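J.: fold the following, please.
(one chain, ligands or ions: 1)
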Amino acid sequence: MRVILSGGGTGGHIYPALALAEVIKQHEPDSEFLYVGSERGVESNIVPATGMAFDKLSVQGFKRSLSLDNVKTVNLFLRAVKQSKKIIKDFKPDVVVGTGGYVAGAVVYAAQRMHIPTVIHEQNSVAGVTNKFLARGASKIGVAFDVAKQQFPAGKVTLVGNPRAQQVAHIVSTFSWQTLGLRDDKSTLLIFGGSQGAPAINSAVIEAMNTFNLRNYQVVVVTGPKRYDNVLSQLNSQGIAVADNVRILPYIDNMPEVLAKTNAIVSRAGATSIAEITALGIPSILVPSLHVTGNHQTKNAQSLVDDGAALVIAETDLNGETLITAVDSLLLNDKASENMAAQVAKVGIPDAGDRLYNLIQDAILEKKD
Ligand SMILES: CC(=O)N[C@H]1[C@@H](OP(=O)(O)OP(=O)(O)OC[C@H]2O[C@@H](n3ccc(=O)[nH]c3=O)[C@H](O)[C@@H]2O)O[C@H](CO)[C@@H](O)[C@@H]1O
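T.: A predicted model of the protein is given here:
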């Protein structure tokens, strides 16, 4: 199968596309992939590092207010569609798959104009702007949350889950906490704020640090690449030490391996993070971001909370004290943690990659009929 993948701007759109490629390769080892991303997006670092062929376009998002910049956005979009058509003509894909983000808008739209089968994947419980725009012309639509189905044309939408879930669920992890100077025989809490880090979570962690230092469990804090120096300098200026059971990192590159050895998580309620947490059955405390389209993180989180599969702290309630209380309620209480692990494992879709692969095959076959 020859596949063009496109999705960008943030890890939550990129990792599912890469996980899908892995599944397709397992089913059809001769498959060829080309990833088309934005030159300014993080995909321009993440994708080439995996060895996948990468082509880049120049695109940008719309400003919500009336702005001259939007004229530039339209021009960039039209140019990106033209460039995409050339890329598609040269690569000759059987299918073009979009996983969200402005860049996918241009690439998938170009494919639709050229009558190439297209499949879009929506990770969130509320459809993103790009996917809404592409839905009419898409051959098939895969969604990760049941509630997202009603936001797309019936007949071509299917609940598939998030392919990243399959990737993490099947990983045989050789990761050891000893590589970070920690122990493998202790419970370990991983705190991260999505792929970019979250200032609200980082601030609460700083407030909670003196208490984390005294705990018998281990705490690994991922600040986000751009926020690492700031967290260290705040700890330093407030004279807060970091004990031997705590580690602070800017980013984790081998997240699937690390997650497989993690006992509990504090995180944003980004869709791909949730897919990973549910695929592995990890107890979690979610702090939904309030700064996302349609408040989708709160809705992503709600589907877990309803099933007793996660705790939620509203960002407005988050501080050092509420964070410690929630973390202790899981890490100092084996029964609570086991109950939540059992609930969360029930909501995961660990064969999401295969389901999306089947949908892609349907899209290609229907076009041939
Ligand atoms: C602020 C914002 O717009 N966030 C959106 C963005 O989130 P974001 O990009 O943060 O995406 P998610 O939380 O869904 O996924 C984060 C991904 O990054 C990985 N990771 C994270 C930290 C790290 O150190 N290393 C690492 O590899 C995680 O394992 C996961 O695979 O896309 C998601 C998927 O559409 C949306 O649900 C989020 O609302």
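
J.: shaky segments in the stretch 1-150 of the chain?
T.: For the stretch 1-150 of the chain, the stretches flagged by pLDDT under 70 are 62-66.

J.: where does the residue in it that the ligand sits nearest to fall, secondary structure wise?
T.: Residue nearest to the ligand within the stretch 1-150 of the chain: residue 12 (2.3 Å; Cβ to the nearest ligand atom). The C-beta positions use only the backbone N, C-alpha and C, and glycine is treated the same way. Assessed by DSSP states H and E, residue 12 sits inside helix 11-27.

J.: and the longest helix along the chain, C-alpha only, in CSV?
T.: Secondary structure assigned by DSSP state H gives helix 69-91 as the longest helix of the chain. In CSV, the C-alpha atoms belonging to helix 69-91 read as follows (Å, rounded to 0.1, in the frame of the first residue of the first chain):
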residue,chain,number,x,y,z
ASP,A,69,-3.1,37.8,8.6
ASN,A,70,-6.1,35.7,7.5
VAL,A,71,-5.5,36.9,3.9
LYS,A,72,-2.0,35.5,4.2
THR,A,73,-3.4,32.3,5.6
VAL,A,74,-5.8,31.8,2.7
ASN,A,75,-2.9,32.5,0.2
LEU,A,76,-0.7,30.0,2.0
PHE,A,77,-3.5,27.4,2.0
LEU,A,78,-4.1,27.8,-1.7
ARG,A,79,-0.3,27.5,-2.4
ALA,A,80,-0.1,24.5,-0.1
VAL,A,81,-3.0,22.7,-1.9
LYS,A,82,-1.1,23.3,-5.2
GLN,A,83,2.1,21.9,-3.8
SER,A,84,0.2,19.0,-2.3
LYS,A,85,-1.2,18.1,-5.7
LYS,A,86,2.3,17.9,-7.1
ILE,A,87,3.5,15.8,-4.2
ILE,A,88,0.5,13.5,-4.7
LYS,A,89,1.0,13.3,-8.5
ASP,A,90,4.7,12.2,-7.9
PHE,A,91,4.1,9.8,-5.0
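
J.: before we move on, the earlier item: what packs against the helix holding residue 12?
T.: When contacts are defined as 3 or more Cβ pairs under 8 Å, 6 or more residues apart in numbering; DSSP states H and E, helix 11-27 packs onto strand 2-6, strand 32-38, helix 43-49, strand 118-122, helix 163-169, helix 271-280, helix 352-368.

J.: now these as TSV including mean neighbour count?
T.: Output for these, formatted as TSV (neighbours: other Cβ atoms under 10 Å):
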stretch	mean neighbour count
strand 2-6	26
strand 32-38	24
helix 43-49	18
strand 118-122	30
helix 163-169	27
helix 271-280	28
helix 352-368	19
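
J.: take the ones you listed and lay them out in CSV including distance to residue 258.
T.: Putting these into CSV (distance: least, Cβ to Cβ, whole Å) gives the following:
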stretch, distance to residue 258
strand 2-6, 24
strand 32-38, 24
helix 43-49, 16
strand 118-122, 24
helix 163-169, 10
helix 271-280, 10
helix 352-368, 20
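
J.: closest to residue 55 out of the ones you listed?
T.: When those are compared by Cβ to Cβ, strand 32-38 sits nearest residue 55, at 4.9 Å.

J.: which residues touch that closest one?
T.: 1-9, 14, 17, 21, 24, 43-44, 47, 52-59, 84, 87, 91, 93, 101-103, 107 (Cβ atoms under 8 Å, 6 or more residues apart in numbering).

J.: close to the ligand: what parts of the stretch 201-350 of the chain are there?
T.: Counting by Cβ under 6 Å from any ligand atom, the stretch 201-350 of the chain comes close to the ligand at 222, 251-252, 255, 268, 270-273, 276, 289, 292, 296-297.

J.: at 8 Å what do you get?
T.: Contact residues, the stretch 201-350 of the chain versus the ligand (Cβ under 8 Å from any ligand atom): 222, 224, 249-256, 259, 267-276, 289, 291-293, 296-297, 300.

J.: now those residues: which count as buried?
T.: Listed as buried from those are 222, 224, 249, 251-252, 255-256, 259, 267-276, 289, 292, 296-297, 300; burial here means 16 or more other Cβ atoms under 10 Å.

J.: find the closest residue to the ligand in the stretch 201-350 of the chain.
T.: Using Cβ to the nearest ligand atom, residue 270 is the residue of the stretch 201-350 of the chain that sits closest to the ligand, at 1.9 Å.

J.: now the stretch 51-200 of the chain
T.: Per Cβ to the nearest ligand atom, residue 194 is where the stretch 51-200 of the chain lies closest to the ligand, at 2.3 Å.

J.: name the element the closest residue to residue 329 other than its chain neighbours belongs to?
T.: Using Cβ to Cβ, 6 or more residues apart in numbering and skipping the chain neighbours, the partner closest in space to residue 329 is residue 336 (6.0 Å). Here residue 336 sits within helix 334-347, counting by DSSP H and E.
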